[in-house]
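Q: Generate coordinates for the sequence data below:
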Amino acid sequence: MADKQGGKVRVLGFAGSLRKGSFNKMLLKAAVGVAPADVELEIFDIEGIPPFNQDLENEPHEKVRELKEKVKAAGAVLIATPEYNYSVPGVLKNAIDAASRPYGTNPFEGKPVAIMGASIGMLGTARAQYHLRQTCVFLNCFVLNRPEIMVPFAEQKFDASGNLTDDRTKQLIQELLTELAKWARKLGQTQ
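A: Residues are numbered from 1 along each chain as shown. Okay, here's the model as predicted:
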């Protein structure tokens, strides 16, 4: 959250990938490095969230409880999604489903959200991002429209250590976080 005097906006970021060398995890790492002074970005790893089972939704796994608490405490959310088979990865959808249940306990409700993504393809996760936006409609969160960050040919934009080398993408991520902080303040995500 942000304090009423315009202090830092706490943003929770997570990637829809479990892969150690995930370009989307690298994109989040880059976001931490270029975050504006008024944004505090914490990264959460969704690895360990079990497959959602509605029979167990009232007794969520520890990792699901942790995600719910972090989303609830954040002033905004940043999701970096890969694109698998023209859509969001199953692990990302599963994490969102598990964290938003049972009904009445959805921490995404009213939350400002920004989406970005990187892929080795030429569309840079465009289709996955649009599917994720559809999911966000039901979650009743408020997705920032611009700037859109769809990083194509990701293998050419990161070095061997996982550092983002593309200056234009760094600039767009910084703009996205700036706009997300403004969006959070506009939506009243204050303490």
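Q: List every C-alpha atom in stretch 14-29, with coordinates, as CSV.
A: Extracted in CSV, the C-alpha atoms of stretch 14-29 (Å, rounded to 0.1, in the frame of the first residue of the first chain):
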residue,chain,number,x,y,z
PHE,A,14,5.1,-12.9,-9.4
ALA,A,15,5.9,-14.8,-12.5
GLY,A,16,3.7,-17.5,-14.1
SER,A,17,6.7,-19.9,-14.5
LEU,A,18,8.4,-22.5,-12.4
ARG,A,19,11.5,-22.7,-14.6
LYS,A,20,14.7,-21.6,-13.0
GLY,A,21,15.9,-19.8,-16.1
SER,A,22,12.5,-18.2,-16.8
PHE,A,23,12.6,-15.1,-18.9
ASN,A,24,9.6,-13.8,-16.9
LYS,A,25,11.5,-14.2,-13.6
MET,A,26,14.3,-12.3,-15.2
LEU,A,27,11.9,-9.6,-16.3
LEU,A,28,10.7,-9.3,-12.6
LYS,A,29,14.4,-9.1,-11.5
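Q: And it, what's buried?
A: Residues F14, A15, G16, S17, S22, F23, N24, K25, M26, L27, L28, K29 are the ones in stretch 14-29 that count as buried (16 or more other CB atoms under 10 Å). C-beta: built from backbone N, CA, C; applies to glycine.
Q: Let's see which of these end up in strands.
A: F14, A15 (DSSP state E).
Q: now, which of the buried residues of stretch 14-29 sits nearest G117?
A: Using CB to CB, N24 comes nearest to G117 of the buried residues of stretch 14-29, at 6.2 Å.
Q: Now do the contacts for that closest one.
A: N24 is in contact with A15, G16, S17, A80, T81, P82, G117, A118, counting by CB atoms under 8 Å, 6 or more residues apart in numbering.
Q: for this protein, what are the low-confidence residue spans?
A: Low-confidence regions of the chain, defined by pLDDT under 70, span residues 1-6, 190-191.
Q: in the protein, which residue is closest to the centre?
A: Central residue of the chain (CA atoms, centre = their mean): I79, 1.3 Å from the mean position.
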